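# got a sequence here, can you model it:
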Amino acid sequence: MNAGKSTTLLQAAYNYRERGMEVIIYTAAFDDRAGTGKITSRIGLEADAQTFDADTNMFDDIKVKIDADKIACVLIDEAQFLSEIQVWQLAEVVDRLNLPVMCFGLRNDFQGKLFAGSKTLMAIADNLREIKTICWCGRKATMVLRLDNNGIPVSEGEQVQIGGEESYVSVCRQHWVNKQLC
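Sure thing, here's the model as predicted:
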């Protein structure tokens, strides 16, 4: 949270397009905070995107699109919501279609557990780059606190709950363990 993942994705899309190359951008269908099929950043950048859900075969979907258009790269936002199978399908895009795929997402949830998509990406990705953010104390934030409606950190609940700064705060491990906000 708050590391600039969507901003970095949108910058990559801009860079490709500036050079006359087209990209396919995907985001999770159920994350409709900015509207279905929209990616927005906190600094005001935005783009339309294709959506994926649990039933999307990423390889088949991308293959159809690249056959119709000249695509130079695939960009995935909210990659933590990909399934293990979908991550392998994206690897197949890289290996069989010779098309770069860049995934942007969170590593772990508010309980400190890896998301399925993140776990598989960490296991099989050719390259990993961490986009860093900081805790309120100035240390590197590696964890996320989920807040209830009153702004109090919670430890229980479903792994996925869509929300932004009103629902989540990035913190260092020490402040995550202590459920400590600034």
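
# what about the strands in this structure?
Secondary structure of the chain by DSSP state E: the strands cover 22-28, 38-40, 46-48, 50-52, 71-77, 101-104, 143-147, 153-154, 168-171.

# closest one to C137 among those?
Closest approach to C137 among the strands of the chain (C-beta to C-beta): strand 168-171, 8.1 Å. (Glycine included, C-beta is placed from N, CA and C.)

# give the rounded mean pLDDT of the closest one.
Throughout strand 168-171, pLDDT has a mean value of 87.

# follow-up on the earlier one: would a markdown table of the strands of the chain with mean neighbour count be doable?
A markdown table is the format used below for the strands of the chain (neighbours: other C-beta atoms under 10 Å):
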| stretch | mean neighbour count |
| --- | --- |
| strand 22-28 | 22 |
| strand 38-40 | 20 |
| strand 46-48 | 15 |
| strand 50-52 | 18 |
| strand 71-77 | 22 |
| strand 101-104 | 22 |
| strand 143-147 | 19 |
| strand 153-154 | 16 |
| strand 168-171 | 23 |
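
# what distance separates the start and the end of stretch 174-182?
12 Å (C-alpha to C-alpha, to the nearest Å).

# can you pull out the helices in the chain?
5-18, 58-68, 84-97, 116-124, 173-177 (DSSP state H).

# export the ones you listed as TSV, with columns for distance to A29 and mean neighbour count.
What follows is the helices of the chain, written out as TSV (distance: least, C-beta to C-beta, whole Å; neighbours: other C-beta atoms under 10 Å):
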stretch	distance to A29	mean neighbour count
helix 5-18	16	17
helix 58-68	12	15
helix 84-97	12	17
helix 116-124	14	17
helix 173-177	29	16
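
# give the contact list for the nearest residue to K113 once chain neighbours are set aside.
Among residues not flanking K113 along the chain, Q159 sits closest, at 7.1 Å (C-beta to C-beta, 6 or more residues apart in numbering). By C-beta atoms under 8 Å, 6 or more residues apart in numbering, Q159 lies in contact with D109, Q111, K113, F115.

# quick one: buried ones out of these?
Using 16 or more other C-beta atoms under 10 Å as the burial test, the contacts of Q159 include D109, F115 as buried.

# widest-spaced pair of the contacts of Q159?
Maximum distance among the contacts of Q159 (C-beta to C-beta): 10.8 Å, for Q111 and F115.

# just to revisit the earlier point, got JSON lines for the helices of the chain, with distance to S155 too?
Formatted as JSON lines, the helices of the chain follow (distance: least, C-beta to C-beta, whole Å):
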{"stretch": "helix 5-18", "distance to S155": "24"}
{"stretch": "helix 58-68", "distance to S155": "33"}
{"stretch": "helix 84-97", "distance to S155": "26"}
{"stretch": "helix 116-124", "distance to S155": "20"}
{"stretch": "helix 173-177", "distance to S155": "10"}
